[in-house]
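> how does the following fold in three dimensions:
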Amino acid sequence: MTKEEAENVRDDMVIDGPEQANAVPDGFNANYLRIYYGKLFPHADIFKWTSYGNDGKHPGCDKSYVGRREFSFTLENDIYIRFQSFNSVSEMENSIREKCPFKIDIGPVYSVDPAKRHAYAQSGDNVFTPVERELVFDIDITDYDDVRYCCTGADVCLECWPLMTVAIKVIDAALRDDFGFNHILWVYSGRRGVHCWVCDGKARRLTNEQRAAIADYFRVYKGNENSNKKISLPGPVLHPFLARSYTEVLKGYFEEKLLLNQNLLSSEDRYEKILEMIPDASVAAELRGRWQESKRSSMSKDDINVVRWEQLKHILQSGKQKAQGLRRCVEEIVFSFTYPRLDMEVSKHMNHLLKAPFCVHPKTGRVCVPIDPNNCDEFDPTTVPTLSQLLEELNKGGVRQDAESEWDRTSLGESVRYFRSSFLQPLLKSCKEEIESSYNAKLQPSKNTLSW
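Now for the predicted structure:
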């Protein structure tokens, strides 16, 4: 497309008012994105979030903090621009609107301005290092391909998406109840997964070693793709976190949804995968014999998956199976199919980039909207607003002078309001209290000196 053609397309997309309320063609392109960044992207909210109260208004705030945060842009044709930094919301907004990135990633806060890192390197002092970063988690549904039969790869549907719902419930509860974190943001990745940002001050200041320890707290997968048994649940009783996850989330989801939705025991090739997880060959053979026989003479009105699962549980958990490994096998099967599968490397290192909320995924055109963990059962990835849908809603709504609330006339409004009220406002209140407390503590010694 020539520059002149691009300008013509851009002119066609200008929001002129209700008289041009024509449907916007589906798709994703730079011209759509330009309008989105100009009218809908919440620049100020993202900047306030990543500033953590260091806005220069309080004498105790760190005025250099904002300018030491890395932003990375991926432009059209996979052109990467890393180590960008912005000292004001207008500077950030102007750069985004000018460059029109297909993706925005947020990195750590460095010891010095990342845009000036080469100058510090030439000085001979190795001072360019990450000093602060949210604790982040990345969960991708492609990592569940061995336990879902409805979709593969990047495809996702309402049959398998609840695996992401389970992950949110399990991880969110542990972060709050076991680690005491409060300011947690869950975001839809725009296509096939979810991202989690833990933004408490104590989380942002964790070392790489501490991050690795937290990530390891969630680890139960010990096998590999060539191993029949991917889960290891050692000891006579489950760890309290795992026991809570099993009884409150995993067991119910497995038995009420996944077992039926994915027909896990309906055919030989599928039930064999589960039988291979039973360490006692004689028990596995007994179940296999029953199920092959029932296939030939099935008169039950009950769902075959439910019938076979109850048979498996009865045999493995009956009194004659005294071996702890066999009784624990039921739990290990449930964990294998439902427990969150984290990308551990993302969580372990401070310098890992993660896509910013409210970006638009170029493959789906869907916005990376926040997910309320308290209502994550209701989240439907197939109804998340798309770029073309939002522009069509703007077209139908006409022009409004108050540019800041343009998003409120679209289906993006609910997501922005949730981000502000449930996440950003409580976070900034906590940050300002922390800044005030730290400032007063520094003043205290000087007051004591004066009192002498």
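> how close does the spatially most central residue of the chain get to Y37?
What sits nearest the mean C-alpha location of the chain, by C-alpha atoms, centre = their mean, is H195, with 1.3 Å. H195 sits 20 Å away from Y37, going by C-beta to C-beta, to the nearest Å. Just so you know, the C-beta spots here come from the backbone N, C-alpha and C atoms, and that holds for glycine as well.
> what of L260?
Counting by C-beta to C-beta, the gap from L260 to Y37 is 43 Å.
> between those two, which one's more packed in?
Y37 (20 against 16; other C-beta atoms under 10 Å).
> and that one, what is it in contact with?
Residues near Y37 by C-beta atoms under 8 Å, 6 or more residues apart in numbering: 96-97, 100.
> same check, this time on V24
For V24, the contact set (C-beta under 8 Å, 6+ apart) comprises 13, 32, 388-389, 391-392, 395.
> closest one of those residues to V237?
Proximity of these to V237 (C-beta to C-beta) peaks at Q389, which lies at 49.9 Å.
> shouldn't the closest one be in contact with K396?
No - with contact defined as C-beta atoms under 8 Å, Q389 and K396 do not form a contacting pair (10.8 Å).
> more crowded one of these two?
Between Q389 and K396, counted using other C-beta under 10 Å, Q389 has the larger neighbour count: 20 against 17.
> show me what counts as buried in stretch 282-290.
283-284, 287 (16 or more other C-beta atoms under 10 Å).
> save those residues as CSV, and put in distance to V307, secondary structure and pLDDT too.
Putting these into CSV (distance: C-beta to C-beta, whole Å; DSSP: H, G, I helix; E, B strand; the rest coil; pLDDT from 0 to 100) gives the following:
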residue, distance to V307, secondary structure, pLDDT
V283, 17, helix, 92
A284, 17, helix, 94
L287, 12, helix, 95
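> now tabulate the residues you listed in JSON lines and tack on distance to S189.
Output for those, formatted as JSON lines (distance: C-beta to C-beta, whole Å):
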{"residue": "V283", "distance to S189": "40"}
{"residue": "A284", "distance to S189": "38"}
{"residue": "L287", "distance to S189": "38"}
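> for L233, state which of those residues is nearest.
V283 (17.8 Å).
> how many residues are close by the residue nearest to the residue nearest to the centre of the chain when sequence neighbours are not counted?
Setting aside the residues directly before and after it, H195 is nearest to V187 in space (C-beta to C-beta, 6 or more residues apart in numbering), at 4.7 Å. Other residues lying near V187 total 22 when counted by other C-beta under 10 Å.
> V187 falls within a helix, correct?
No - counting by DSSP: H, G, I helix; E, B strand; the rest coil, V187 is located in no helix; its state is strand.
> you'd agree it is up against V194?
Yes - taking C-beta under 8 Å as the definition, V187 is a contact partner of V194 at 6.7 Å.
> now do the shared contacts for these two.
I371.
> where along the stretch 301-450 of the chain do the strands fall?
Under the criterion DSSP state E, counting those that start in this stretch, the stretch 301-450 of the chain contains strands at 354-355, 370-371.
> buried deepest among the ones you listed, which one?
When the strands of the stretch 301-450 of the chain are scored by mean count of other C-beta atoms under 10 Å, the highest mean neighbour count falls to strand 370-371 (a mean of 23).
> other SSEs contacting it?
Using 3 or more C-beta pairs under 8 Å, 6 or more residues apart in numbering; DSSP states H and E as the contact test, the elements touching strand 370-371 are strand 184-188.
> before we move on, the earlier item: show me which of the contacts of Y37 are buried.
If you count burial by 16+ other C-beta under 10 Å, the buried members of these come out as 96, 100.
> distance to G53, pLDDT and secondary structure added to the contacts of Y37, as TSV?
Compiled in TSV, the contacts of Y37 are given as follows (distance: C-beta to C-beta, whole Å; pLDDT from 0 to 100; DSSP: H, G, I helix; E, B strand; the rest coil):
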residue	distance to G53	pLDDT	secondary structure
I96	22	98	helix
R97	26	97	helix
C100	30	97	coil
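> okay, now the unreliable bits of this protein?
Scanning the chain for pLDDT under 70 picks out 1-22, 121-126, 222-229, 295-301, 319-325, 398-404, 445-452.
> what about 90?
1-29, 55-61, 116-128, 153-154, 220-237, 279-280, 293-303, 317-328, 395-409, 437-452 (pLDDT under 90).
> nearest residue to R244 other than its sequence neighbours?
R244's closest residue in space is A173 (C-beta to C-beta, 6+ apart), at 7.3 Å.
> measure the one you found to F241 for me?
9 Å.
> ok so, going back, residues contacting the residue nearest to R244?
Residues in contact with A173 (C-beta under 8 Å, 6+ apart) are 244-245, 248-249.
> derive a PyMOL selection command for the buried subset of those.
One line in PyMOL is enough to select the buried ones among those; burial here means 16+ other C-beta under 10 Å:
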select buried, resi 244+245+249
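> nearest to N375, of the contacts of A173?
V249 (15.0 Å).
> from S415, how far off is the residue nearest to the closest one when sequence neighbours are not counted?
Spatial nearest neighbour of V249, chain neighbours left out: K169 (5.0 Å); criterion: C-beta to C-beta, 6+ apart. Distance, K169 to S415, using C-beta to C-beta: 20 Å.
> which one's more surrounded, these two?
More neighbours surround S415 than the other of K169 and S415, with 24 against 21 (other C-beta under 10 Å).
> tell me how far that one lies from V24.
19 Å.
> name the SS class of M92, please.
helix.
> next, count neighbours for it.
22.
> tell me who's in contact with it.
Neighbours of M92 in contact, by C-beta under 8 Å, 6+ apart: 43, 46-47, 71, 86.
> check H195 too.
By C-beta under 8 Å, 6+ apart, H195 lies in contact with 136-139, 186-187, 189, 354-355, 368.
> now do 7 Å
H195 sits next to 136, 138, 187, 189, 354-355 when contact means C-beta atoms under 7 Å, 6 or more residues apart in numbering.
> same question, H43
89, 92-93, 96 are the contacts of H43 under C-beta under 7 Å, 6+ apart.
> closest to A215 among the residues you listed?
M92 (30.1 Å).
> N305 versus the closest one, what's the distance?
Counting by C-beta to C-beta - M92 and N305 are separated by 52 Å.
> check N208 too.
Where N305 is concerned, N208 sits at a distance of 44 Å (C-beta to C-beta).
> these two - which one has more neighbours?
Between N208 and N305, N305 has the larger neighbour count (other C-beta under 10 Å), namely 20 against 13.
> can you pull the contacts of that one?
Contact analysis of N305 by C-beta under 7 Å, 6+ apart lists 259-260, 263-266.
> many thanks, we can stop here.
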